[in-house]
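J.: attaching a predicted model along with its sequence, questions to come.
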Amino acid sequence: MSGRRWNRNAAEGGSRGTKRKKGQGLSLGLPAASEIPLLPADENEEPDENQEIDRDMISSFTGSTLSKAKKNRITNQFLTQLNQQKADKEAKQVKRKPLIEKKQINGEAPLPHQRRRTVPIPFLVDQELDLQVDEEEEADKRKRLEENRKADEENARRQRELFNESQMEEIVEEEVEKEVEVEEKDGAESVSLQTVQNSFTFLDPVENEARKQAKRGKPKKKTPSKTTKPRKTRETPSRRREFEEKIKSMTEEEAIELAKNYVDQGNEPTTKMEKPRKKRKSQGMMDEFEDEEEPVQRQAEEEWEDIQITTNHAAAPLQVCTNGDININLRRNVKEEKKVKKKGITKEDREDIAELHKAHLVTLIAHVTWVNKQIDDEEVKGLMLSTVPQELVWEGQSDLVDRSLVRSVVQHFRSQFRVVQFEKEKKPSNRNPLLRVIKRKSATPIQAVQLVAALFRSIGINVRYCVAIDPVPIKATVKTTVHIKQLKEAPIDCDFDPVANGATNHQDPIRKVWIEFYSTTENRWSTLDLFNKKSADKLVHDDPRALIDPRRPFGYVFAIEHDYIKDITRRYSLRWSVTKQFRVFEERWLFHIFRRLSSKAFKNRGPEFKRREMEDERSLMLCEEIEEFPTSAEGFRRHPTYTLEKFITKYQMLMPDAQPVGEFKEMAVYKREDVKELHSMDKWLQEGRVVKEGEEPLKKVPKKKQREEEKPQKIPAPPQERELVNINGQEFTAEEIDMAMEQARIQNEEESAPLTSLYGLWQTLPYEPQVASDGVVPRNRYGNVYLFKPDMCPIGCVHIRKPGLGKICKTLGIDYAPAMVAWETKMGRSVPLLDGYVVCEEQSEILVEAWEQNEQRVREERQKKKEKLVYGRWKRILIKMITRARVDEKYGEREDNGLIHGTNVEEKKEKTKKTKKGGPHEHEFEEVMIDGEKGVYENRCTCGLKIRFEKL
DNA sequence: CTGGTCAAGATACCTTTGACCCTT
DNA sequence: GAAGGGTCTTTGGTATCTTGACCA
């Protein structure tokens, strides 16, 4: 600003009537005052570091200008905020951290689209908000900040002109706001004095999901969840819809939980379903369409996504609406769209379909559980028991269960009940439908099976209610993918429930439901076929597979007994290897579902139960083993038990002692277990294993060619400078020799193409970390420590993941090595991903302490700097206020109460003009040098006004 | 109609230690 | 001037899988 300083003595003429020139600061028009301390002469001038500003100082500054209340309020606010600022140092650290967090591996790092930044609200903002800000929103914010800054400049200008009491507060606020914004713009840590907590957090996926769920859940709160009602509720279309809604958006865990709840509460889970919601990815065109079609609904569901994306061919790419929303209109790239369409099944499609399959499967399992609950209903069992003659009851209670007993039970059932193909559908009631069937004495085949099961159970014979189910196929084909895509666009009903939908023409519903009983004479679970078409008398099949229609492949057969549900598919599968392809790839997943849906009580069942289970398991395994060879060579490709030599891949090996177990089209058939996976040394190292010393590679495969190095070509020296070399009497130039050597090198490389040595698991040992000694960290040839697994850390060392630790190690003279945790692809090449440092254990404590101290110091420094800036600005404002007040006190007019009144410049101008001798006029100054050495000048007006000042 | 084979195209896997510029 | 961090760009060859056409 101005370098001039007022000579106090020269100010006799006062500033009255002085026309302030544009761009001149307030200080120009004010006399210098020795009692005003530490006036920053320039905007850029840093205030004294040692200055201490406290309440008293501020109070003294505010002096007579402000009312006591206002003064107190402002100073209090200011000081509280500063205190908070000090207390909230941690938050800033959080913001710096992400660098490391971003680089986390093992899938722990949140994906970019999952990240939400919580932006701190600058202080002096009333609300304490937790804003979810998207990239677009941030851009918007930056824009607003820019606008704000402009407004601030405007304010600053205003400040120079308007300076009355009423505007004081506003100016102070603006000043402080500006402070904050400037810092935000600079990319420094955002100052938040009210919401520094969570000022910058990366939500982890689970938490994020939970948040989403919570958000989604909100609108639903309006209708208090019927599902939580303890009493049984009838299924209505609205409830069905509700269930569908839930299915749509839930995770696997939730699906199980929900299914369980429905079963527990006696609600039938619907099997009508839509595509399970996946994490939305922005690149899909479909998503955009979805947004377009139901923006309102979507918005309600996902409140945090408040940006509408619409597709419009002709529209401008970006529109900012007056209400602050941003509409992004994307011009659809027709070529790109075609490309997308042309593409076959993507990984994403596959995942979608697998997810759909799983979700459907869960609902079907829940359905089975629900039906089983109806069978186990005490009322149903009681009614069934009441029809049974006493002899049968006694017989049932004996330990002997054989075919004759089963036959007599079935005969009794047949004598009591009539089986009809179709039953007139009655309106749904919340009573157990089986009760109605018992009353009516006529049942559909499925109900008959259920009643027979209830009958067996009522007389004390444990039977399994078995269901073959076939959910939407898990294997992604073009057809199913198209179907899924349709589902994505417009949800349609796809009732895959084989039980409910049993009457469809080509499916035989009877073959979908049956009973298994444990035959004590045969010591195995036997299949009871109520509706044997071949011979009505033959109730029990010797081969359970006779029950299954070989033309209709299915994925799963479940048996349920009380709360214990079990997968018995293998017993009924004609070709397990084929069946497997229709099932969830991860077997564990199914076990997990069962464990969640089954009662824990089965664990505590008696030894007899356990024995039967063991026996059953053994028979199931046998079913798997006795499977015949596939009928085609292709069938061997992914066969679980057998394989052909031609299907052994590059990174696999047949064990040398493996014997062929058969022959297929003149090709030897081997057991799958004789084929072993091989890996290179590096690969094993990443698995945390090292190849044993002295182990010979089992296989050598050509190495992948390394990318050509783009090294600058050597510029050969000018020939005239090179000497001739004499080899065997012949003279060559050095260049010729170079070329020959290069050729030889290339030839050599081609001949001995680099090979990768592969080793088997049994040739490896778990990685044994090296031992640190004398405070030196053992490291590899790149100076790193391999830390692919946490237990690979050298003994006596610790892995500390703190940014900037290396620097401190260096200053302290502590040996350290960066930890390499994974490989990363950058610029199309693999580069190591370093995360944290490895240091010797004994030094870690000192180091961490030093690091923390350093952090503390850095934080404090930053804080100090910030405070200095804030204080400086405060001081400037206050000094200006006081100066102004003093000037006004000395030269201005006073009200009766002694307060300065009227700083309206125009008003003052008018007053000045009127009081001037010689009528109102505008001063026209002439600059006169008084003392050239001291730089004292005087501005003189014809009216006699003189203003003395110093030039620096 | 089913199942096998084959070819073409799509996808997955393996590999595995920059360079430069700007700020502090 | 040194150190450190951000940014640049997005490999490429081969094995394996998938799909659809064709044929027995």
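T.: Noted; the coordinates are in hand.

J.: next one: phi and psi at residue A:923?
T.: Phi and psi for residue A:923, reported as degrees, to the nearest 10, are phi -70, psi 140.

J.: just the pLDDT at it, thanks.
T.: The model reports residue A:923 with a pLDDT of 79.

J.: the one 10 residues further on too?
T.: Note on residue A:933: pLDDT of 80.

J.: can you report how many residues neighbour it?
T.: By other CB atoms under 10 Å, the residues close to residue A:933 number 5. Where C-beta positions appear, they are placed from N, C-alpha and C, glycine not excepted.

J.: now do it against residue A:926, distance only.
T.: In this view, residue A:933 and residue A:926 are 21 Å apart by CB to CB, to the nearest Å.

J.: what residues does the stretch 651-800 of chain A put near DNA strand B?
T.: Residues of the stretch 651-800 of chain A lying close to DNA strand B by CB under 7 Å from any atom of the strand are A:651, A:665, A:680, A:682-683, A:686, A:703-704, A:706, A:756, A:780, A:782, A:784, A:786.

J.: can you tell me the closest non-neighbouring residue to residue A:393?
T.: Nearest in space to residue A:393, with sequence neighbours left out and distances taken as CB to CB, 6 or more residues apart in numbering, is residue A:459 at 5.3 Å.

J.: was I right to think that neighbour contacts residue A:388?
T.: Yes: Residue A:459 is within contact range of residue A:388, at 6.0 Å (criterion: CB atoms under 8 Å).

J.: list phi and psi for the residue of the stretch 501-650 of chain A found nearest DNA strand C.
T.: Per CB to the nearest atom of the strand, residue A:649 is where the stretch 501-650 of chain A lies closest to DNA strand C, at 2.3 Å. Phi and psi for residue A:649, reported as degrees, to the nearest 10, are phi -80, psi 180.

J.: how many residues are close by it?
T.: Count around residue A:649 with other CB under 10 Å applied: 9.

J.: now residue A:762
T.: Neighbours around residue A:762, by other CB under 10 Å: 11.

J.: over to residue A:872?
T.: 19.

J.: ok, now residue A:359?
T.: Residue A:359, neighbours per other CB under 10 Å, totals 24.

J.: same question for residue A:942.
T.: 11.

J.: tell me the spacing between it and residue A:926.
T.: For residue A:942, the distance to residue A:926 - CB to CB - is 8 Å.

J.: cool, residue A:372 as well?
T.: Applying CB to CB to residue A:372 and residue A:926 gives a distance of 107 Å.

J.: ok, those two, which is more surrounded?
T.: For residue A:372 versus residue A:926, neighbours defined as other CB under 10 Å are more numerous around residue A:372 (24 against 9).

J.: and the next element down the chain from the helix or strand hosting the more buried one?
T.: Taking DSSP states H and E as the definition, residue A:372 sits inside helix A:347-375. Using DSSP H and E, the helix or strand that follows helix A:347-375 towards the C-terminus is helix A:378-387.

J.: so what does that following helix touch, helix or strand wise?
T.: Helix A:378-387 sits against helix A:433-440, helix A:445-458, with contacts defined as 3 or more CB pairs under 8 Å, 6 or more residues apart in numbering; DSSP states H and E.

J.: and if we set it to 10 Å?
T.: Other helices and strands packing on helix A:378-387, by 3 or more CB pairs under 10 Å, 6 or more residues apart in numbering; DSSP states H and E, are helix A:347-375, helix A:390-397, helix A:403-416, helix A:433-440, helix A:445-458.

J.: and those: which comes nearest residue A:820?
T.: For these, proximity to residue A:820 was assessed by CB to CB; helix A:347-375 is nearest, at 28.1 Å.

J.: now for the closest residue in space to residue A:925 that isn't next to it in sequence, how many residues are close by?
T.: Take residue A:925 and drop its neighbours on the chain: the residue closest to it by CB to CB, 6+ apart is residue A:939, 3.8 Å away. Here the number of neighbours of residue A:939 (other CB under 10 Å) works out to 18.

J.: same deal with the one 4 residues further on?
T.: Using other CB under 10 Å, residue A:943 has 16 neighbouring residues.

J.: same check, this time on residue A:660
T.: 16.

J.: quick check: residue A:679 is in a strand.
T.: Yes: counting by DSSP: H, G, I helix; E, B strand; the rest coil, residue A:679 is found in a strand.

J.: so residue A:670 touches residue A:656, yeah?
T.: No: Residue A:670 is beyond contact range of residue A:656, at 11.9 Å (criterion: CB atoms under 10 Å).

J.: higher neighbour count, the two?
T.: residue A:670 (22 against 7).

J.: packing partners of the host helix or strand of the more buried one?
T.: Assigned by DSSP H and E, residue A:670 belongs to strand A:667-671. Other elements packing on strand A:667-671 under the criterion 3+ CB pairs under 10 Å, 6+ apart are strand A:642-644, strand A:652-654, strand A:662-664.

J.: chain neighbours aside, what residue packs nearest to residue A:695?
T.: residue A:763 (4.4 Å).

J.: what is the mean pLDDT for stretch A:853-863?
T.: What stretch A:853-863 shows for mean pLDDT is 82.

J.: ah, wrong one, I meant stretch A:450-469
T.: Stretch A:450-469 comes out at a mean pLDDT of 90.

J.: just stretch A:837-844 next, same as before
T.: 88.

J.: using CSV, list the CA coordinates for it.
T.: Extracted in CSV, the C-alpha atoms of stretch A:837-844 (Å, rounded to 0.1, in the frame of the first residue of the first chain):
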residue,chain,number,x,y,z
TYR,A,837,9.7,-48.0,6.6
VAL,A,838,11.3,-50.9,8.4
VAL,A,839,13.6,-50.0,11.3
CYS,A,840,15.2,-51.9,14.0
GLU,A,841,13.0,-52.6,17.0
GLU,A,842,15.3,-51.0,19.6
GLN,A,843,15.2,-47.7,17.7
SER,A,844,11.6,-47.7,16.9
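
J.: got the buried residues for that stretch?
T.: A:837, A:838, A:839, A:840, A:843, A:844 (16 or more other CB atoms under 10 Å).

J.: now distance to residue A:548 and secondary structure too, for the residues you listed, in a markdown table please.
T.: Below are these laid out as a markdown table (distance: CB to CB, whole Å; DSSP: H, G, I helix; E, B strand; the rest coil):
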| residue | distance to residue A:548 | secondary structure |
| --- | --- | --- |
| A:837 | 61 | strand |
| A:838 | 59 | strand |
| A:839 | 64 | strand |
| A:840 | 66 | strand |
| A:843 | 68 | helix |
| A:844 | 64 | helix |
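
J.: closest to DNA strand C among these?
T.: residue A:837 (10.7 Å).

J.: close to DNA strand B: what parts of the stretch 801-950 of chain A are there?
T.: Counting by CB under 7 Å from any atom of the strand, the stretch 801-950 of chain A comes close to DNA strand B at A:820, A:823, A:825, A:826, A:827, A:829, A:830, A:831, A:832.

J.: of the residues you listed - the most surrounded one?
T.: Busiest of these [other CB under 10 Å] is residue A:820, holding 21 neighbours.

J.: now residue A:457, nearest residue through space, not along the chain?
T.: Using CB to CB, 6+ apart, the nearest residue to residue A:457 is residue A:381, at 5.9 Å.

J.: right, and the one you found touches residue A:454 too?
T.: Yes: using CB under 10 Å as the test, residue A:381 is close enough to residue A:454 to be in contact (5.4 Å).

J.: look at those two and report which has more neighbours.
T.: Set side by side, residue A:381 and residue A:454 show more neighbours around residue A:454, with 24 against 19, by other CB under 10 Å.

J.: now do residue A:736 against residue A:817, distance only.
T.: Residue A:736 is 46 Å from residue A:817, by CB to CB.
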